[in-house]
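Student: Let me see the structure of the following:
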Amino acid sequence: MAFPIVTRTLHRHVDIDGLRVFYRESVPETEQAPVLLLLHGFPSASHQYRRLIDALGAHYRLIAPDMPGFGHSDAPEGPLTFDRLAGVMAGFVERLRLDHFVLYVFDYGAPVGFRLALRHPERIAGLVVQNGNAYEEGLSPIMRNLIALQPGPDGEKTAREMLTLPTTRHQYEAGTTDVQLVSPDSWVLDQYFLDKPERARPQIELLMDYRHNVDHYPEWQEWLRTQAPPTLITWGRDDMFFPEPGARAYLRDLPHAELHVFPTGHFALEEYLPEIAPLIAGFLDSAWKLVSPR
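Tutor: Sure, this is the predicted structure:
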């Protein structure tokens with residue numbers, strides 16, 4: 001019986017601006033393998049991609065960092081904003097010498113990833129967008145309420161509710177077709193990190209800062225129009241935060257993007273990895289052909 005090639009995954013830390021940043025990196029069969037940088041969302045970390053890394057990592061170099069304040073990475077001192085996350089991730093890209101890569105953006109990873117893309121557009125070989133919003137029509141009522149949060153007791157109370165176990169679990173299960181396909185390991189591990197005493201402050205700061213991302217939407221849309229990166233969009237239709245109109249809005253600026261919508265929620269890979277992984281593999285193969293040899 002022939003068995004598929006099993007992925008080897010490295011688990012490392014690297015120092016970026018005085019912060020220990022954890023990341024997972026697959027070991028592909030060839031050093032010339034396409035590179036995919038995976039940016040996670042709230043309230044998760046790189047572990048949300050572990051099954052995707054297992055599925056594709058033998059043939060592609062998949063790199064998934066834990067952003068500061070998430071997972072196994074340090075929680076920074078001082079205010080944590082999306083600008084600061086992007087700055088650390090820019091240092092991470094430099095440290096790993098990622099001259100070219102396909103960028104996977106999801107949830108919080110979208111505002112961080114688009115900031116990276118604007119800094120160094122020449123490095124972006126393509127985009128995989130999975131429920132990573134850049135358009136106002138992609139904001140659900142829940143998201144609009146979060147964007148309206150203001151510093152103060154009322155805003156902080158609402159933000160703290162986002163850090164509780166029932167909310168964490170609901171983010172994984174809401175909108176799914178078959179909840180049995182969602183591993184409880186995911187939301188239990190997320191909650192383990194959220195419950196660390198030093199994690200509440202940076203998470204609340206990011207929730208309060210999210211509204212500033214909306215101000216950048218026109219800038220990111222202009223980048224999409226002018227750079228026209230090869231783009232694959234895979235979207236959970238019934239996302240409680242970023243519903244389907246957010247996926248279709250990309251086609252205004254990227255009319256040649258490949259769009260696939262799945263009947264699931266926010267964490268689409270939990271339920272539809274077998275369908276999405278081959279799409280990503282095919283996209284990586286085609287996008288990487290456009291990268292000039294270095």
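Student: hey, let's count contacts and neighbours off CA atoms from now on
Tutor: OK.
Student: quick one: the strands in the stretch 1-150 of the chain?
Tutor: Applying DSSP state E, counting those that start in this stretch to the stretch 1-150 of the chain gives strands spanning 8-16, 19-27, 35-39, 61-65, 101-105, 124-129.
Student: Show me what counts as buried in stretch 168-175.
Tutor: Buried residues in stretch 168-175, counted by 16 or more other CA atoms under 10 Å: 168, 169, 171, 172, 173, 174, 175.
Student: tell me the mean pLDDT for that stretch?
Tutor: When pLDDT is averaged over stretch 168-175, the result is 97.
Student: what do you get for stretch 143-151?
Tutor: For stretch 143-151, mean pLDDT rounds to 90.
Student: just for the stretch 151-294 of the chain, where's the confidence low?
Tutor: Scanning the stretch 151-294 of the chain for pLDDT under 70 picks out 292-294.
Student: show me where it has helices.
Tutor: Remark: helices assigned in the stretch 151-294 of the chain by DSSP state H, counting those that start in this stretch are 153-161, 165-173, 184-194, 200-209, 211-227, 245-253, 268-288.
Student: for the stretch 1-150 of the chain, same thing?
Tutor: Under DSSP H, counting those that start in this stretch, the stretch 1-150 of the chain gives helices at 50-56, 82-95, 109-119, 141-147.
Student: Give me the contacts around the first one.
Tutor: This means helix 50-56. For helix 50-56, the external contacting residues (CA atoms under 8 Å, 6 or more residues apart in numbering) are 6, 7, 8, 9, 26, 62, 269, 273, 277, 281.
Student: let's see it at 7 Å
Tutor: With contact meaning CA atoms under 7 Å, 6 or more residues apart in numbering, helix 50-56 is reached by 7, 26, 62, 277.
Student: Check stretch 234-246 too.
Tutor: 129-131, 133, 135, 137-140, 142-143, 174-175, 247, 259-266, 268.
Student: For residue 126, name its beta-bridge partners.
Tutor: Beta-bridge pairing of residue 126 under DSSP bridges involves residue 102.
Student: show me where pLDDT drops low in the stretch 1-150 of the chain?
Tutor: 1-4.
Student: what's the closest non-adjacent residue to residue 163?
Tutor: Spatially, and ignoring its direct neighbours in sequence, residue 163 is nearest to residue 194 (6.4 Å; CA to CA, 6 or more residues apart in numbering).
Student: try residue 7
Tutor: Here the residue nearest residue 7, using CA to CA, 6+ apart, is residue 58, at 4.7 Å.
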